[in-house]
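Engineer: Here's a sequence, model it:
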Amino acid sequence: MRNAESRSPAGIGSRGVAMAIDAFVWFTLFFVATFLVATFTGEVVSSSTGVDADLTGTPALVALVLWLGLSIGYHTVLEWRYGKTIGKQLVNLRVARDDGSSLTLGSSLVRNVLRLADFLPLFYVFGIVLIVLSGRNQRLGDRVGNTVVVRT
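Structural biologist: Next comes the predicted model:
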């Protein structure tokens with residue numbers, strides 16, 4: 001395994017491009033979660049212009065929680081098993097533990113659950129500030145999960 005220390009940490013720009021690519025996956029997962037819940041609650045409406053799901057109340061909350069779970073799961077599983085998501089693959093980045101070894105399921109889960117803190121309240125402003133202030137370009141999830149994103 002290549003040592004993460006011998007690789008240059010990925011900067012904000014390349015990480016941002018990878019995140020933007022992964023955002024397409026998030027939107028797809030949002031539609032999957034929404035239409036899955038809408039199908040089970042009978043709130044799918046078909047018309048001549050298309051299909052719509054208008055969720056409110058508890059079904060909307062269930063769809064939101066399902067979407068968050070799918071999104072966190074997407075990052076967690078792909079980074080744990082392969083070291084990268086689709087976005088990171090396309091931008092030639094990978095996630096490793098601080099010592100350069102592959103992520104464990106636990107380290108991947110920690111860094112990705114904390115993605116919510118990095119994301120909120122202003123679309124990764126908190127995460128970006130932490131990356132800028134870090135000598136190894138680490139956001140909160142990286143610091144707590146003992147991980148680093150490096151160029152491959």
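Engineer: For the spatially closest residue to V149 that is not a sequence neighbour, give me its contacts.
Structural biologist: With sequence-adjacent residues excluded and distances taken as Cβ to Cβ, 6 or more residues apart in numbering, V149 is closest to A10, at 4.3 Å. Where you see a C-beta, it was placed from the backbone N, CA and C, and this is true even at glycine. Contact analysis of A10 by Cβ atoms under 8 Å, 6 or more residues apart in numbering lists A18, L93, N137, V149, V150, R151.
Engineer: Adding secondary structure, write the residues you listed out as JSON lines.
Structural biologist: Formatted as JSON lines, those follow (DSSP: H, G, I helix; E, B strand; the rest coil):
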{"residue": "A18", "secondary structure": "helix"}
{"residue": "L93", "secondary structure": "strand"}
{"residue": "N137", "secondary structure": "coil"}
{"residue": "V149", "secondary structure": "strand"}
{"residue": "V150", "secondary structure": "strand"}
{"residue": "R151", "secondary structure": "strand"}
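Engineer: Can you flag the buried ones in the residues you listed?
Structural biologist: Among the contacts of A10, the ones that count as buried by 16 or more other Cβ atoms under 10 Å are A18, L93, N137, V149, V150.
Engineer: and the closest residue to the last one other than its chain neighbours, what pLDDT?
Structural biologist: So the one you mean is V150. Counting by Cβ to Cβ, 6+ apart, V150 lies nearest to R7, which is 3.7 Å off, once chain neighbours are set aside. On the pLDDT scale, R7 is placed at 80.
Engineer: Do I have it right that R7 meets R136?
Structural biologist: No - at 10.6 Å, R7 and R136 do not qualify as touching, with contact defined as Cβ atoms under 8 Å.
Engineer: So for this structure, which residue is the most central one in space?
Structural biologist: Nearest residue to the geometric centre of the chain (Cα atoms, centre = their mean): H75, 4.7 Å.
Engineer: helix/strand/coil for that residue?
Structural biologist: The assignment at H75 comes out as helix when based on three-state DSSP.
Engineer: wait, what's in contact with it?
Structural biologist: Going by Cβ under 8 Å, 6+ apart, H75 touches D22, T85, S108, N112, R115.
Engineer: Tell me which two of those residues sit farthest apart.
Structural biologist: D22 and S108 (14.4 Å; Cβ to Cβ).
Engineer: Who has more neighbours out of those two?
Structural biologist: Between D22 and S108, counted using other Cβ atoms under 10 Å, the more crowded position is S108 (25 against 20).
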